[in-house]
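Novice: Everything below, folded, please.
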Amino acid sequence: MLSEKLLLDDETVETETRTHLKVLIVPFLIGLALMLIGGYFVGAVGDSGGGTPRLAGLVVLAVLFLWGTVLPFLRWLTWTYTLTNRRLIEQKGLLTRKGRIIPLARINDVAYEKGVLDRILGCGTLIIHDASQQAGLALHDIPRIEDVHRRISRLVLVSHAPEARNDEQS
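Specialist: Sure thing, here's the model as predicted:
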């Protein structure tokens, strides 16, 4: 997940996560449907339709499969959230990496939301507000949301405590 070279001195990783697997349900169903359509298409066209229509149909199905199934999986795989003892780091992107870093000392508010499906699956949306002018960072579909909320709240409180700053300076 997070490369060791991106960590600051005396910084440790508290937790790393991706979004919940529920975000891959629709791409999985799309892939399943495309495979069923492809199987029917190959059987229906058979050898009687000639090679060109069959090949063109399979190419279209392959492109749709890549776009509807593989690409969402790769997005899920490369989108990570890392909580360290000093920062919250969001990284995403396949070819071009993007990231957002929020120092814990700048975080003003940590909240979470859980819908009915989220409650069943044990995930939710973590909403972080920091001291900047930017809108709050919403981390969607975080697994074990209560655990992550407790961890980040504890670390934010420690980062705001005056004795924590004095200990770091010593």
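
Novice: Would you agree residue 135 falls within a strand?
Specialist: No - using DSSP: H, G, I helix; E, B strand; the rest coil, the assignment for residue 135 is coil, not a strand.

Novice: State the pLDDT value of the residue nearest to residue 69 when sequence neighbours are not counted.
Specialist: Distances taken as CB to CB, 6 or more residues apart in numbering place residue 31 nearest to residue 69, at 3.6 Å, with adjacent residues excluded. In this view, the C-beta of every residue, glycine as well, is placed from N, C-alpha and C. Residue 31 is assigned a predicted lDDT (pLDDT) of 93.

Novice: Need the distance between the two termini of stretch 72-91.
Specialist: Stretch 72-91 has its terminal residues 16 Å apart, counting by CA to CA, to the nearest Å.

Novice: Excluding residues flanking it in the chain, which one is nearest residue 118?
Specialist: Of all residues not flanking residue 118 in the chain, residue 124 sits nearest, at 4.7 Å (CB to CB, 6+ apart).

Novice: Would you mind naming the helix or strand containing the one you found?
Specialist: Assigned by DSSP states H and E, residue 124 falls within strand 123-130.

Novice: ok now whatever helix or strand comes next after that strand, how far from the chain's centre?
Specialist: Downstream of strand 123-130, the next assigned helix or strand under DSSP H and E is strand 137-143. Here the centre of strand 137-143 is set off from its chain's centre by 8 Å, with CA atoms, centre = their mean, to the nearest Å.

Novice: neighbours around the closest residue to residue 115 other than its chain neighbours, how many?
Specialist: What sits nearest to residue 115 in space, not counting adjacent residues and going by CB to CB, 6+ apart, is residue 124, at 7.8 Å. For residue 124, the count of nearby residues is 23 (other CB atoms under 10 Å).

Novice: Numbering from 8 from now on, please.
Specialist: Fine by me, first position is 8 from now on; the one you just mentioned is residue 131.
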